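[1] sharing a sequence plus its predicted fold:
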Amino acid sequence: MIHSLFLINHLGDIFLEKHWKSVISRSVCDYFFEAREKAVDPENVPPVLQTPHHYLISIYRGKLFFLSVIQTEVPPLFVIEFLHRVADTFQDYFGECSESVITDNLVIVYELLEEMLDNGFPLATESNVLKEMIRPPNILRSVVNTLTGGSNVGETLPQGQLSNIPWRRAGVKYANNEAYFDVTEEIDAIVDKSGTTVSAEIQGVIEACVKLSGMPDLTMSFMNPRLLDDVSFHPCVRFRRWESERVLSFIPPDGNFTLMTYHISSQNLVAIPVYVKQSINFFEAGSCGRLDITIGPKQTMGKTVEDLKVTIHMPKAVLNANLTATQGNYTYDCTTKMLVWDIGKLNPQKLPNLRGSLSMQTGVPNPEENPSLNIDLKIQQLAISGLKVSRLDMYGEKYKPFKGVKYVTKAGKFQVRT
Amino acid sequence: MSASSAFNDEKGGSSSVGEPEYGHDPASGGIFSSDYKRHDDLKEMLDSNKDSLKLEAMKRIVAMIARGKNASDLFPAVVKNVACKNIEVKKLVYVYLVRYAEEQQDLALLSISTFQRGLKDPNQLIRASALRVLSSIRVTIIVPIMMLAIKEAASDMSPYVRKTAAHAIPKLYSLDPEQKDQLIEVIEKLLADKTTLVAGSVVMAFEEVCPERIDLIHKNYRKLCNLLIDVEEWGQVVIINMLTRYARTQFLNPNINESLLEEGGSGDKTFYGSDEDEDEDEEEKEKKAEVAAMAKRKPYVMDPDHRLLLRNTKPLLQSRNAAVVMAVAQLYFHLAPKAEVGVIAKALVRLLRSHSEVQYVVLQNVATMSIKRRGMFEPYLKSFYIRSTDPTQIKVLKLEVLTNLANETNISTILREFQTYIKSMDKDFVAATIQAIGRCATNISEVRDTCLNGLVQLLSNRDELVVAESVVVIKKLLQMQPEKHSDIIKHMAKLTDNIQVPMARASILWLIGEYCEHVPKIAPDVLRKMAKSFTNEEDIVKLQIINLAAKLYLTNSKQTKLLTQYVLNLAKYDQNYDIRDRARFIRQLIVPTEKSGALSKYAKKLFLALKPAPVLESPFKDRDHFQLGSLSHLLNAKAGGYQELPDWPEAAPDPSVRNVEVPEWTKCSSREKRKEKKVEKPFYTDSEGESGPTESADSESDSATGSESSSGSEESGSGSESEESKEASESEEEEEEEEEEEKKKKKKDLKKPVQERVFLQTIAPSSTLKSYELLHRITGEGLSVEYCFSRQPFSPDANMVAVQMQFTNNASSDTKNLHIEDVKLQSGMRVKEFPEIELLPAGETATAVMGIDFCDSTQAANFQLCTHTRKFFVSIQPPVGELMRPVFLTENEFKKEQGQLMGMNEITEKLTLDVKCRNEHTIVQRVTTAANLSRVPCGSDKEFAGRTVTSGSLVLVTVATKEEGAAQLTVNCEKMVIGTMLVKDILQALTQ
């Protein structure tokens, strides 16, 4: 399956290579560099490339390319999903997934890769299992290790891999038993010029941080489970239970994990929390433009909209922006042509407004397209779909855990066309 | 050493590439200043006694390997440490060994004995890791050792070691393909493994070594289907893909009846029926008729195994792993009946929110699917709308999907979307949008004019690329009905002054030449201008100028004769031989000379023949002959190792090959699932299609029609198999497995209530009879007796309650003369004994029915059960619910009777229903289990009626439910004692 892996930074240097079968020369990456050149934008590099003898499947994460070399037929999603899992594991181990962190922990990274694949086929990808075999680095341990010559490889080999619940390690103990759940919903919407919603969907995710001793068996039920008709689960969730009773019943992994994600499609009515009044005009004469944006609350369910931010990717011809904001401040980056207006909290009494003129390159014809506005926002204590967790019960253990659920609504891919 | 390093420099391509980079690596550059010193330094550290130094050295070496630098000259020093006690050093040595063993085969052999020792270690994890490294060392000499190790590990008692063995199989195969036959034996053995841990890995090995040996799957097919949900996610992908192929060879096309007909129909709509196609259509129609006739003859019934696969994969659409979702989606696309394929759309649309690489692959597959099954994605149209922030490759794919989904009803919304896209800054994307508009216009004739007008407007766009693309598309559209659009052609003729993109210029010229009759005045003028600029044009434009000249010469030679001559003369001396060639050819053809051949007479016909309009097709058309989700599908080219997706067979192969002789205990473990399956089946198949539970495996081996297989045959295991047998067999399992099994059981137990309920709902009430123990096998010295109240009328005496007894002889010797003696009864009670059982051989079971008249009381009937050697005192005490028999009352009768049994005879009790017992069905279920009553049909409340067996007094029960599980239970009965007891029993049944 997966033959080799190369990690490549944004400059095009290969800084790590790992082969699970016989060695493949790194010159194979040249085909990739060629495609990378052609694509201009790193996002536009085709994830699957064909070379005379190999196939290259790559992902782009955190300014790094994870490039895998394949020799025979394999489902491309299988490889892509695995590469993302590798990136997730690095993130989990080192807090971020960047070149410097990977080169600093080269040996751990190598050991991880060794454990994650055997002969190119995934072996252990559960973070709980990996952490038992290879301990994540922390300052205290590295100090102790250098003094005592200890190692960051687990002495005992993991039992989790052998059990039917590979996601949970045995013998977990905490002084404080707690289980926290974050329900985060992101609104993906396209709003057109006139303010009507073209499409709107909600992407929800329940992230959990569970620190419970022993083998707890949790059951989470919802006030309105009917909202959830398109869901995906962590493997720990008992699917039949969900199908018949609409409750989530599971033995949780230890630590942080994504319990479920759900999707509320555009067929349902999705509340849009803010409206945007905008006009962006470019004038032929005088090579200038005018911009006027006002944002106001629409359906916020009585909560405050925070962290409001508008990002506009201006046409190339716009040289500079001379604007005044009634609230927050704006920046315009002339090289990337990004106008960012950071508003902060939305005050319904005094609506934030940004207006002023844009100076344009002379002699260049007007851009005929208007740039679209990308909105970022956050609403605390609200799941915009109306989803609510009604209760969380624990079986199998005697202690009483602390439980908490937090709701946040954010803007996902929220775009206003002009 | 210098020699060895020289050798490596020559050999390892990686070293030469890695070296220069080494210089500007600040981290290592300072420490190791020279090559020789560095290695000496490391060697010293490796030779020392301190683990910490060794570890440090190994870490540096591994870091070198990771950076792609050559460290092969350290091989001897490293390999010495293979037996090091420190586990991390050991691991790193393994890493090194696997990387360099291939290059230093002789030295690598030194380490083999360590692994051989490891293979015998009592710790399963050490055994596994030894096997893993041993099999990863690519040294041909040790092939026999590896083979032996794999064979041994395949029968290891630890499933983890067996999993490692499965992983080792493809490694050995790639090292030495000669071993194939032996490896297939191992695969066959491991395929029979029942643990989820092994399943994924062994199927992977199967796919790499012997994907053609589909026969190995037969016996394991049902097991794989049932295990699937518990297999780890990567294994799931591999198994699902393999089973898709398997199903294509073993089952019949579920869409055989409708799909061919309907697809043909839709094909007619989308295709432009030109003359050539007609014959094909005829053929197709014939074929269709044939198929339809066939369909009529033989109604399609899905093989239960086919159904099993579809049902067991469906929950995996909810997986968090995109690869698993895609695998299930392709399985449904390739295998499911048309009506059921729709379920995958939602899951695939959900994946669109994932990483852009995932989106890319999913959209490719959606594009292919949406051509064949457009309806499936139509509801999700808006999810494919494009955002300005999407990467271009995603935009183009979304556009493709939107175009495929366009039809008469949604075209106006789609076109409105397209209008916004045309204004985008991303010019490649705009070009793709214009193409998409062109395709919509060809496919949907209603909007052709609108699209054309829109495209014409684009001709005045400032961006040349946009104009050029529009011209190309307009040309294609105009070809469909040129006569109506001569003004557009005129408009385009004017564009030749401005447009510079060669493709667009060529398109315009072709258009004018082709339809010169519609623009008789403009055409010669265009040719004049072109003749002027001929030498500066691109090649494709030159060719079209020649074409234009030729066509004009043929239609309007008076005006254009000289111009044509001029153009041809210019072309004669062109640099490009293609153009020279064309000019010569055309001159011969159109200019009449004495020598001109027969062809020139037909020149006009040749040049101005009616050309068929181009069909604007999706590039994803017909890609579905590749298995979806595969690399080959994505590339639209066969990748190495791709297994073709076979066509459905004409007639299904013998389904009985999948029947397995199962030992008792495995039957138990899979029973739950099977029952569930049985329950759901009528939903799909016609009732006659259901294979009865008692059908034997042999009875249907003749079914060449393949309509039904005998999945039912395993279900014949009597429903009373107890947990005992399962537990007993479990204790025989290996220690390590036991723990796992227990966990599994625990897990299963947790799932159980749900499944049990499903089960109860559909099985006839008789199966819910509770049996009681009369005699335990220990007190009975091997004879055990159970009894239950069969609820059948006892024919010899209608006033008696029938008690069905089941005798099981667990002893080693036979039991004789089983009968009843010395019956001690309360006054009024009577007993009708069962006929004496003369002989009950060892291990056998017998049943008998006796009747007892309990006189409507719950007093026990005591008697002695005698065998030829012993007597046992036993007693039967009936629950109050068994002292009655159901009667049929209409609701009015019920109300009337109830009205007469008020006051003292009525007992009312309030209760809160059990959480699991809130729906009507369960309540009815529970009440009828507690008491032998029948439900009053069509009652507004849940009403039940019965009569006591002896006196025939009426017993009426009402359960009125309110909100939040509150309910009220009313019992009306002449016999107050019975009433009170019944209330208690039913109360308990409903609340617990």
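    Perfect, thanks for sending it.

[2] which SS state does B:Gly640 fall under?
    coil (DSSP: H, G, I helix; E, B strand; the rest coil).

[3] would you agree it is in contact with A:Ile70?
    No: the criterion here is Cβ atoms under 8 Å, and B:Gly640 misses it with A:Ile70 at 9.3 Å. Backbone N, C-alpha and C define where each C-beta goes, glycine included.

[4] quick one, what contacts A:Pro122?
    Applying Cβ atoms under 8 Å, 6 or more residues apart in numbering or on different chains to A:Pro122 gives the contacts A:82, A:85, A:116, B:232, B:234.

[5] okay, B:Gly640 and A:Ile70: which has more neighbours?
    A:Ile70 (23 against 13; other Cβ atoms under 10 Å in any protein chain shown).

[6] now that one: closest residue in space that isn't a chain neighbour?
    Of all residues beyond its chain neighbours, the one nearest A:Ile70 is A:Tyr55 (4.3 Å), with distances taken as Cβ to Cβ, 6 or more residues apart in numbering or on different chains.

[7] so what's that neighbour scoring on pLDDT?
    Here, the pLDDT recorded for A:Tyr55 equals 92.

[8] near chain A, which residues of the stretch 251-400 of chain B?
    B:315, B:318-323, B:325-327, B:346-347, B:349-350, B:353, B:355-358, B:360-362, B:379-380, B:382-383, B:385, B:387-389, B:391-393 (Cβ under 8 Å from any Cβ of the partner chain).

[9] separate out the buried members of those.
    B:315, B:318-323, B:325-327, B:346-347, B:349-350, B:353, B:355-358, B:360-362, B:380, B:382-383, B:385, B:387-388, B:391-393 (16 or more other Cβ atoms under 10 Å in any protein chain shown).

[10] in helices, which of these appear?
    Mapping these onto helices (DSSP state H) picks out B:322-323, B:325-327, B:346-347, B:349-350, B:356-358, B:360-362, B:392-393.

[11] tell me where the stretch 451-600 of chain B has strands.
    Using DSSP state E, counting those that start in this stretch, no strands are found in the stretch 451-600 of chain B.

[12] and the residue of it closest to chain A?
    At 5.8 Å from chain A, B:Arg462 is the closest residue in the stretch 451-600 of chain B, using Cβ to the nearest Cβ.

[13] what number of residues lie near that residue?
    10.

[14] now do the residue nearest to it when sequence neighbours are not counted, the pLDDT please.
    Nearest non-adjacent residue to B:Arg462, counting by Cβ to Cβ, 6+ apart: A:Pro365, 5.8 Å away. Note for A:Pro365: predicted pLDDT of 70.

[15] hang on, A:Pro365 packs against B:Asn461?
    No: counting by Cβ under 8 Å, A:Pro365 sits too far from B:Asn461 to count as a contact (11.1 Å).

[16] neighbour count: those two, which is higher?
    Neighbours were counted for A:Pro365 and for B:Asn461 using other Cβ under 10 Å; B:Asn461 has more, 17 against 12.

[17] so that one sits against B:Val467, correct?
    Yes: the pair B:Asn461 / B:Val467 is scored as a contact, 5.3 Å apart, by Cβ under 8 Å.

[18] can you give me the pLDDT of A:Ile343?
    According to the model, A:Ile343 scores 90 on pLDDT.

[19] quick check, it in contact with A:Val310.
    Yes: counting by Cβ under 8 Å, A:Ile343 does reach A:Val310; the two are 7.1 Å apart.

[20] what do these two both touch?
    A:Ile295.

[21] least confident secondary structure element in chain A?
    helix A:139-148 (a mean of 59; mean pLDDT, DSSP states H and E).

[22] could you point out the helix or strand that follows it?
    strand A:178-191 (DSSP states H and E).

[23] what parts of the stretch 551-700 of chain B come near chain A?
    B:629-632, B:634-635, B:637, B:639-643.

[24] the residue positioned nearest the centre of chain B and B:Glu340: what is the separation?
    By Cα atoms, centre = their mean, chain B has its centre lying nearest to B:Val328, at 2.2 Å. For B:Val328, the distance to B:Glu340 (Cβ to Cβ, to the nearest Å) stands at 12 Å.

[25] flag every buried residue along stretch A:194-214.
    Within stretch A:194-214, judged by 16+ other Cβ under 10 Å, the buried ones are A:198-208, A:210-213.

[26] show me what contacts the closest residue in space to A:Ile379 that isn't next to it in sequence?
    Nearest residue to A:Ile379, sequence neighbours excluded (Cβ to Cβ, 6+ apart): A:Thr409, at 4.3 Å. By Cβ under 8 Å, 6+ apart, A:Thr409 lies in contact with A:184-187, A:273, A:378-379, A:382-384.

[27] using the three-state scheme, assign A:Thr409.
    Judged by three-state DSSP, the three-state class of A:Thr409 is strand.

[28] now the one 3 residues further on
    Taking three-state DSSP as the rule, one finds A:Gly412 in the strand state.

[29] ok, it to B:Ser356 distance?
    14 Å.

[30] do B:Glu417 as well
    Distance from B:Glu417 to B:Ser356, counting by Cβ to Cβ: 21 Å.

[31] the residue of the stretch 301-418 of chain A with the smallest separation from chain B - how many residues pack around it?
    Here the stretch 301-418 of chain A gets closest to chain B at one residue, A:Glu369, 4.1 Å apart by Cβ to the nearest Cβ. Close neighbours of A:Glu369, defined as other Cβ under 10 Å, add up to 17.

[32] cool, and the one 4 residues further on?
    A count of nearby residues for A:Leu373, using other Cβ under 10 Å, gives 23.

[33] so what's it closest to, chain neighbours aside?
    In this structure, A:Leu373 finds its nearest non-sequential neighbour in A:Val416, 4.2 Å apart by Cβ to Cβ, 6+ apart.

[34] hmm, B:Asn312 and the residue nearest to the centre of chain B touching each other?
    No: the pair B:Val328 / B:Asn312 is not scored as a contact, 10.1 Å apart, by Cβ under 8 Å.

[35] what number of residues are in the vicinity of B:Phe888?
    10.

[36] what's the spacing between it and B:Lys90?
    79 Å.

[37] before we move on, what about B:Val361?
    Applying Cβ to Cβ, the value for B:Val361 to B:Lys90 is 39 Å.

[38] now swap in B:Ile187 and tell me
    Counting by Cβ to Cβ, the gap from B:Ile187 to B:Lys90 is 30 Å.

[39] how about the helices in chain A?
    Under DSSP H, chain A gives helices at A:29-39, A:76-94, A:99-104, A:106-116, A:127-133, A:139-148, A:239-245.
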